[in-house]
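K.L.:
Sharing a model that was predicted from the sequence below.
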Amino acid sequence: MSELRELYQQVILDHNRKPRNFRVLEGANRTAEGYNPLCGDQMKLYLNVEDGVIKDAAFQGKGCAISKASASLMTAGVIGKRVDEAEALFQRVHAMLTSDSSHGDSTGDGVGTGEGVGKLAVFAGVREFPSRIKCAVLPWHTLRAALSRAAEPVSTE
Amino acid sequence: MSTITRPSRAADATGWDVERIRQDFPALHQQVHGKPLVYLDNAATTQKPQAVIDALTAYYTRDNANIHRGVHLLSERATDAYESARRRIQRHLNAASPREIVFVRQATEAINLVAASFGRTAVGTGDEIVISAIEHHANIVPWQMLCEEKGARLKVVPVDDRGDLIMDEYARLLGPRTRLVAITQVSNALGTITPIEDIVRLAHRENIPVLVDGAQAAPHQAVDVQALDCDFFVFSGHKTYGPTGIGVLYGKESRLERMPPYQGGGDMIKLVTFEKTIYNDLPYKFEAGTPHIAGAIGLATALDYMAGLGLDRIAAWEHELLEYGTELLQAVPGLRLIGTARRKAAVLSFVLDGVHPHDVGTILDHEGVAVRAGHHCAMPVMARFGVPATVRASLGLYNTPAELETLATAVRTAREIIGG
């Protein structure tokens, strides 16, 4: 049960129930769709990028608590950031989600420990649930697609 | 909950002793996340009885050789075991001849075989193929591909809100351009048992052949292809307590005779020159290359195992479980069953208010309960019922009333953790 509580932390449950930036962003100049065919999660991400800065971000879609909370916290986290800062944040979150927890941060460089990800550290528990990592990563892949203007919907498969 | 009657757990009047039967399945006796495994994902694949595991081991330990070619003793033994498996499966399906039993990888390949071989010769521009709204992707996509190639049209029999086929619509869809009806006997996502006898009868009245997707029917009930009079019947070994990678296409001999080969290669030929090849007889015409010999033997063993328990008794036990599970789940606040057909196989598909099926699946897994959460390879079914996914508990002959109680309790836990 404690592992479950690690996964479903109060912050995640709160963002699942009341997702931030959960709307259509009128006048968005970047959009992308993300899709997880395994469980049917689907999301559309809207960005307003001006002079290399993410001025606004919003999303719509259907998904599990993990993917919804991840999208909610991600949009909140990248608003006001430069594109390269958002990319760096993606790398840190991705490392945190996919690092092998049994090895901890033996390298001592903080990679994979959730260092420098702020509130997004609540997703650290996801790595104990291999089948759920995709749910947390989906919004981030969608973000990268939107920033690179990829035309095809992003799929976790 | 006291008003819900729990089916008898020990041997009941009919002699069904589920605890003894469970001893035949080694994989059931393990813990996951520190809890006893409650395996309720049988529509995805079933666990294997020791008899099947032993049959595979015995084959590889003693008889392993290639079939239909060696003059040596091992090849003869392997060939005998493979062909004996075909005859055992023929008897299980009550097919008229072993020539009507074609080994394939699974139901999916069987349908693709019919689409490629029968479809390419019998379907042309403007022709129609009739399927239903509750098909698995395996009984949708091959026909879509064929229709695209041929300029043919796919017609879909709709379902009502319970998940039953609307038979008046079905009758209306059958027309002079219909070349094939391909419909499931049991829906994998909803558990609906379709009126397959009526489906075959109505199609045959218009001289339209019928393919029955039996992937979800064969694990739960006796199959008699002659009584059903279907033209094709397909199923997978791994859903009937047999190995993965082996399945069966049953086809009426008269139909299979007229169909061109599916794949070319060894074993499906009589004579090959660079100018011309003479194809082998049935069923070998459709079995190019070395088949899954051990798989065929394992599948026959699995079907014999089911027959030994009694197919009618399996169906009766699972029906009791289904009724009990339905009552238990209906008592969970905020739970909505998807698929409430009049006749159902032991599938409990549901959604929980405010909790995504994927989250339910994770929480159930932590309680030891294995279910499937997702679209079940039936995305049009999800669309029809307006849900992105469901949680599906699918029962097998070894499940118990106590396991259903664990399921219901775990679902309540999921609601407590996420919902509210």
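P.N.:
Ah, there it is. Numbers count the residues shown, from 1 in each chain, chains lettered A, B, ... in the order given.
K.L.:
Please enumerate the strands of the stretch 251-400 of chain B.
P.N.:
Under the criterion DSSP state E, counting those that start in this stretch, the stretch 251-400 of chain B contains strands at B:269-272, B:277-279, B:335-337, B:347-352, B:369-370, B:372-374, B:390-394.
K.L.:
Which secondary structure elements does the fourth one sit against?
P.N.:
Strand B:347-352 sits against helix B:311-330, strand B:335-337, strand B:390-394, helix B:401-418, with contacts defined as 3 or more C-beta pairs under 8 Å, 6 or more residues apart in numbering or on different chains; DSSP states H and E. (C-beta placed from N, C-alpha, C; glycine too.)
K.L.:
The last one too?
P.N.:
If contacts are counted by 3+ C-beta pairs under 8 Å, 6+ apart, strand B:390-394 sits against strand B:347-352, helix B:357-366, strand B:372-374, helix B:401-418.
K.L.:
how about TSV for the ones you listed, with mean pLDDT and mean neighbour count added?
P.N.:
Below are these laid out as TSV (pLDDT from 0 to 100; neighbours: other C-beta atoms under 10 Å in any protein chain shown):
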stretch	mean pLDDT	mean neighbour count
strand B:347-352	98	26
helix B:357-366	95	25
strand B:372-374	93	24
helix B:401-418	96	20
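K.L.:
ok now do residue 97, which residues does it touch?
P.N.:
No chain in the question, so chain A it is. Residues near residue A:97 by C-beta atoms under 8 Å, 6 or more residues apart in numbering or on different chains: A:123, A:124, A:126, A:127, A:133, A:136, A:137.
K.L.:
wrong chain, I was asking about chain B
P.N.:
Residue B:97 neighbours (C-beta under 8 Å, 6+ apart): B:90, B:253.
K.L.:
Quick check: which ranges of the chain have low pLDDT?
P.N.:
Picking chain A for this. Applying pLDDT under 70 to chain A flags residues A:1, A:100-114, A:150-153, A:156-157.
K.L.:
right idea, wrong chain: chain B
P.N.:
B:1-4, B:8-14, B:420.
K.L.:
Show me what from it comes close to chain A.
P.N.:
Neighbours of chain A within chain B, by C-beta under 8 Å from any C-beta of the partner chain: B:33, B:354-359, B:362-363, B:366, B:373-375, B:379, B:382, B:388-389, B:417-418.
K.L.:
Reformat the strands of the stretch 251-400 of chain B as TSV; add distance to residue B:141.
P.N.:
Formatted as TSV, the strands of the stretch 251-400 of chain B follow (distance: least, C-beta to C-beta, whole Å):
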stretch	distance to residue B:141
strand B:269-272	30
strand B:277-279	27
strand B:335-337	27
strand B:347-352	21
strand B:369-370	27
strand B:372-374	17
strand B:390-394	20
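K.L.:
Ends of stretch B:149-163, what's the gap?
P.N.:
Stretch B:149-163 has an end-to-end distance of 31 Å (criterion: C-alpha to C-alpha, to the nearest Å).
K.L.:
Then stretch A:117-136?
P.N.:
End-to-end distance (C-alpha to C-alpha), stretch A:117-136: 14 Å.
K.L.:
ok, how many other residues are close to residue A:84?
P.N.:
10 (other C-beta atoms under 10 Å in any protein chain shown).
K.L.:
buried stuff in the strand or helix carrying it?
P.N.:
Assessed by DSSP states H and E, residue A:84 sits inside helix A:83-98. Buried positions in helix A:83-98, judged by neighbour count with 16 or more other C-beta atoms under 10 Å in any protein chain shown: A:83, A:86, A:89, A:90, A:92, A:93, A:94, A:95, A:96, A:97.
K.L.:
out of these, who's nearest chain B?
P.N.:
Each of these was scored against chain B by C-beta to the nearest C-beta, and residue A:97 proved nearest at 15.2 Å.
K.L.:
quick one: the closest one and residue B:361, what's the gap?
P.N.:
Distance from residue A:97 to residue B:361, counting by C-beta to C-beta, to the nearest Å: 19 Å.
K.L.:
Look up how far chain B lies from residue A:73.
P.N.:
Separation of residue A:73 from chain B (C-beta to the nearest C-beta, to the nearest Å) stands at 17 Å.
K.L.:
sec struct for that residue, please.
P.N.:
helix (DSSP: H, G, I helix; E, B strand; the rest coil).
K.L.:
Let me see the contact set for it.
P.N.:
Residue A:73 neighbours (C-beta under 8 Å, 6+ apart): A:11, A:15, A:20, A:119, A:120, A:122, A:123.
K.L.:
so which of those residues is the most crowded?
P.N.:
When neighbours are taken as other C-beta under 10 Å, the top entry among the contacts of residue A:73 is residue A:123 (27 neighbours).
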